[in-house]
Structures are given as C-alpha cells and as structure tokens.
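Engineer: pasting the sequence and the predicted model now:
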Amino acid sequence: MNIPFLDLKANYNSIKSEVNAAIQQVLDNTAYILGASVQNFERDFSAAHQVKYCLGTSSGTDANHLVLWGLGIGAGDEVIVPANTFIATAWGATLCGATPVFVDCDPETYNIDPAKVEKAITKKTKAIVAVHLYGQSADLDPLIDIAKKHNLILVEDAAQAHLAEYKGKLVGGLTEAASFSYYPGKNLGAYGEGGAVTTNNEALYNKIKKLREHGQSQKYYHDILGHNYRMEGIQGAVLEVKLKYLSKWTDARRSVAAKYNEGLKNFAKVITPKEASYAKHVYHLYVIQLNDGSLEKSNQLRDKLKDFLTQNGVNVGLHYPIPLHMQECFKNLGYKKGDFPNSEKIAEAGLSLPMFPELTDEQINYVIEKIKEFFSK
Ligand SMILES: *Cc1c(COP(=O)(O)O)cnc(C)c1O
C-alpha cells in the first residue's frame, strides 16, 4: 500500500464540479485580481472566524509581513518568535527590517513557552508572534498579560490553524491581528499561492488594505509606501467553495488524530500529540515524538522509523528538521546548538504521519500496523 502524506487529488475530486464552476465564473467575468470572488471569500472567512475584517493576500508569508508592517515594525525593532516554526514566521520581522528574537517551545504542545518569552524581552522588543503550530492554539492568555505588562503588540501566525480554538474562541481575532496561509497543503488550501490578514482593528485593516495594493486607496494615488500583495480572483473563488467544507474536514482530521492516538498509545517510545485543555486542535500536522532516552538515541530511532515507514509506502515528514536559531541565514544572530533544547528535540526526534481529511480507516490502520511491526522487530 502507498499512503501519501497528503492527498490533494482526493480532495479536489470530492468538490470537482463545484470548484470548476467557480473557477469558470472568474474566467468568464475576467476579475483575475481581487474582485467579487475575493471579497466574498473575505466576508465569509472573517465570519467563520468571528473576526471583523479579512484581507486576502498573495501568500501567508506576505500576510506575515503585512501584519508587522501595518503595525509599524521597522529597523532597530525586535520581534519575538518561536524557534520551532516554519521560517516564514521570521520573515515577517526581517522583511520589516527588524530582528527576530527566538524563544523555545513548550515540551508538550511545541508552542512558544510564555514563561520564556518574558526573559527574551529587551528595550527594543516591539512585538510577539504567537504561532498556532501544527494546528493547536498557542497559550494566549499569559502572552496577552506579558504583552500588556511590557507594552508590546501580540499577533498570531495562524497559517496552520484555520478554525482552531483557544478557550472556546476561534483563533484569528484574539490578538491585534493574525495571518493565515492558503498554501495548497494547509487545512484550507488554494490552487496556488494565497493568504490572509484578519483583525478587529479598523484602522489597521485600512492601513494593511493600502499596503496590500501599492499604498493606495484610489488608483495611482499613493499615500504611503506599499507593495503588491493582492489575492488572485481564482484563488478567492476556490477558497470560497472550500471554506464551506472546512468544518467537516476539520472534524475528519480530528477523527484521524483520535484513531492514531488510540492505535499508538501503547508504544513506550512514541509520544503522541497532546491537545491542551484550552485548545481545539485542528491537526494541520500530526507529529509524534520518539523517545529512546538520550536525544541522540531518540534521533536515531526517529530516523530508523522514518526509513522503515518510507520503505513500506508510508510517506512521512519532518516539521521542522532545523529550528530557526540553527538556520544558516540567521548565523549572524549568534545562536548556538543547545540554546533551545525543546525546539531541538522536536526537530531531531519528531515525525509527522500522513494527515488529511480523506484518510481512510484502512490507511490509518496500515500506518499503525507498520509502526507496530517496526517496534516488534
Ligand atoms: C505555511 C506557513 C507560512 C507561510 O505561508 P505561505 O502561504 O506558504 O507563504 C507562515 N507561517 C507558518 C507557521 C506556516 O506554516
């Protein structure tokens, strides 16, 4: 059996005629950039997340940049970001000319550890980016308190967390602003690049709307510096169709996770993901951690299991193999191995199993069986 890490074809097939018709409509009315399809999607996506405003963008990375740019982050500023995340979280800061300051994650949720955030604050700190990693909300309340106490701006990188909840409230409107990604493999994926900014702050919304389109609110009148970060009409149309199914697909992901949890609970060396009491996890990724005593041995076990599963047709992933503080591009910031042990641990001993809504029981059981076989050898 061959089990893909994610099956975009199965997903497309499940909505083919509907999404084809929506794309055809954009072709027919030639609204290729922004336009009605994007506006409709922005309206429905903000409603789905109970947040006032949504702006469709050209990618999640661009949304990360727009959020901090709109908030006035610039050269000389420091922005606190988790060490364990996708690199684009840090690009938000660097594209503004600011410096990312990394903080370790919690060993159980893999999200930024609020206790460690406070220690990373300096006179230059302006903002904190809370990433809802793997689809689980960061612990926001302590971060909100820290931000208030030190007069910092707190924002969310919700690229992996469409419809995720924190204490019963949807992410995306719980801080000053949030960024989402519609990269095809995300829980809500476009058929190309796409992202969004959400916020409840009207002034910030108006500013980011200008930044997204050449610093203008009227064509060819450029009030402020800007860029071209617009969403394409076809992406808006695709996303509008897919959004209707997102809640159902999220339930399916949670059900896959529950089956993995059950099937893997008796392996002493496998740590399954923990859903925090405050979170509704949407399982963008299902990341297990191998534990074989020392980090070195856990890393070896992880690599062996990864090879075994790959040889048996189970496609797995690493999220992420190199924490941000160990990336070549941030060498100048002076971090070293050992600075963030929890982030290094999930990088070296974590393994992402196939996770997508269309996974069948047969496929899930096959993955579990293969893991069983690996440990019985
Ligand atoms: C995917 C992702 C992004 C970037 O989104 P793109 O749409 O690929 O540019 C940013 N942050 C995180 C945490 C992500 O997972």
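Structural biologist: Received the coordinates, thanks.
Engineer: give the contact list for the residue in the stretch 1-150 of the chain positioned nearest to the ligand.
Structural biologist: Taking Cβ to the nearest ligand atom, the ligand has its nearest neighbour within the stretch 1-150 of the chain at Gly60, 2.4 Å off. (Each C-beta comes from the backbone N, C-alpha and C, glycine too.) Residues near Gly60 by Cβ atoms under 8 Å, 6 or more residues apart in numbering: Ala88, Ala159, Ser179, Phe180, Ser181, Tyr182, Tyr183, Lys186, Gly194, Gly195.
Engineer: ok, and the closest non-adjacent residue to the spatially most central residue of the chain?
Structural biologist: By Cα atoms, centre = their mean, the chain has its centre lying nearest to Gln160, at 2.6 Å. With sequence-adjacent residues excluded and distances taken as Cβ to Cβ, 6 or more residues apart in numbering, Gln160 is closest to His284, at 3.9 Å.
Engineer: now Asp113
Structural biologist: Closest residue in space to Asp113, ignoring its immediate chain neighbours: Asp106 at 4.6 Å, by Cβ to Cβ, 6+ apart.
Engineer: tally of neighbours for the one you found?
Structural biologist: 19 (other Cβ atoms under 10 Å).
Engineer: which parts of the stretch 51-200 of the chain sit against the ligand?
Structural biologist: 59-61, 64, 85-86, 88-89, 131, 157, 159-160, 181, 183, 195 (Cβ under 6 Å from any ligand atom).
Engineer: if we go to 8 Å?
Structural biologist: Contact residues, the stretch 51-200 of the chain versus the ligand (Cβ under 8 Å from any ligand atom): 59-64, 85-86, 88-89, 91, 131, 133, 157, 159-160, 179, 181-183, 186, 193-195.
Engineer: now, the residues you listed that are in helices?
Structural biologist: Within these, residues falling in helices by DSSP state H are Gly60, Thr61, Asp62, Ala63, Asn64, Ala88, Thr89, Trp91.
Engineer: save those residues as a markdown table, and put in pLDDT and distance to Gly226 too.
Structural biologist: Shown next, in a markdown table, are these (pLDDT from 0 to 100; distance: Cβ to Cβ, whole Å):
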| residue | pLDDT | distance to Gly226 |
| --- | --- | --- |
| Gly60 | 98 | 19 |
| Thr61 | 98 | 16 |
| Asp62 | 98 | 12 |
| Ala63 | 98 | 15 |
| Asn64 | 98 | 16 |
| Ala88 | 98 | 20 |
| Thr89 | 98 | 22 |
| Trp91 | 98 | 18 |
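Engineer: and the two most separated of those residues?
Structural biologist: Greatest spatial distance among these (Cβ to Cβ): Asp62 and Thr89, at 13.0 Å.
Engineer: so for these two, which sits in the more crowded spot?
Structural biologist: Higher neighbour count among Asp62 and Thr89: Asp62, with 29 against 25, using other Cβ under 10 Å.
Engineer: might you report the residue contacts of the closest residue to Tyr191 other than its chain neighbours?
Structural biologist: The spatially closest residue to Tyr191, leaving aside those adjacent along the chain, is Val238, at 4.9 Å (Cβ to Cβ, 6+ apart). Taking Cβ under 8 Å, 6+ apart, we find Val238 in contact with Val19, Ala22, Ile23, Ala190, Tyr191.
Engineer: how about the helix or strand where Val238 lies: buried residues?
Structural biologist: Val238 belongs to helix 233-264 when assigned by DSSP states H and E. Within helix 233-264, the residues scored as buried using 16 or more other Cβ atoms under 10 Å are 233-243, 245-246, 249-250, 252-254, 256-257, 259-260, 263-264.
Engineer: give me the contact status of it with the ligand.
Structural biologist: No: using Cβ under 8 Å from any ligand atom, helix 233-264 never reaches the ligand; the gap is at least 10.8 Å.
Engineer: Provide the contact partners of the helix or strand of the chain with the lowest mean pLDDT at residue level.
Structural biologist: For the chain, counting by mean pLDDT, DSSP states H and E, strand 216-218 ranks last in confidence among helices and strands (a mean of 95). Here strand 216-218 makes contact (Cβ under 8 Å, 6+ apart) with Asn206, Lys209, Lys210, His222, Asp223, Gly226.
Engineer: give the next helix or strand downstream of that strand.
Structural biologist: Immediately after strand 216-218, counting by DSSP H and E, sits strand 221-222.
Engineer: quick one: mean pLDDT for that next one?
Structural biologist: Confidence for strand 221-222, expressed as mean pLDDT, is 98.
Engineer: ok, stretch 28-37 next?
Structural biologist: 97.
Engineer: so what touches it?
Structural biologist: Stretch 28-37 is contacted from outside by 22, 25-26, 56, 213, 230-234, 236-237, 240, using Cβ under 8 Å, 6+ apart.
Engineer: could you do stretch 200-208 as well?
Structural biologist: Stretch 200-208 has contacts (Cβ under 8 Å, 6+ apart) with 51-53, 55, 66-67, 69-71, 173, 176-177, 197, 199, 217, 224.
Engineer: ok, now with 6 Å
Structural biologist: The contact list for stretch 200-208 (Cβ atoms under 6 Å, 6 or more residues apart in numbering) reads Val51, Lys52, Tyr53, Leu55, Leu66, Gly70, Gly173, Val197, Thr199.
Engineer: dump it to CSV, restricted to CA.
Structural biologist: C-alpha atoms of stretch 200-208 as CSV (Å, rounded to 0.1, in the frame of the first residue of the first chain):
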residue,chain,number,x,y,z
ASN,A,200,-10.8,43.6,14.6
ASN,A,201,-8.9,46.9,14.3
GLU,A,202,-10.5,49.1,11.7
ALA,A,203,-7.6,51.5,11.4
LEU,A,204,-5.1,48.6,11.0
TYR,A,205,-7.4,47.0,8.4
ASN,A,206,-7.5,50.2,6.4
LYS,A,207,-3.7,50.6,6.5
ILE,A,208,-3.0,47.0,5.5
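Engineer: please identify the buried residues of that stretch?
Structural biologist: Applying a neighbour-count criterion of 16+ other Cβ under 10 Å, one finds Asn200, Asn201, Leu204, Tyr205, Lys207, Ile208 buried in stretch 200-208.
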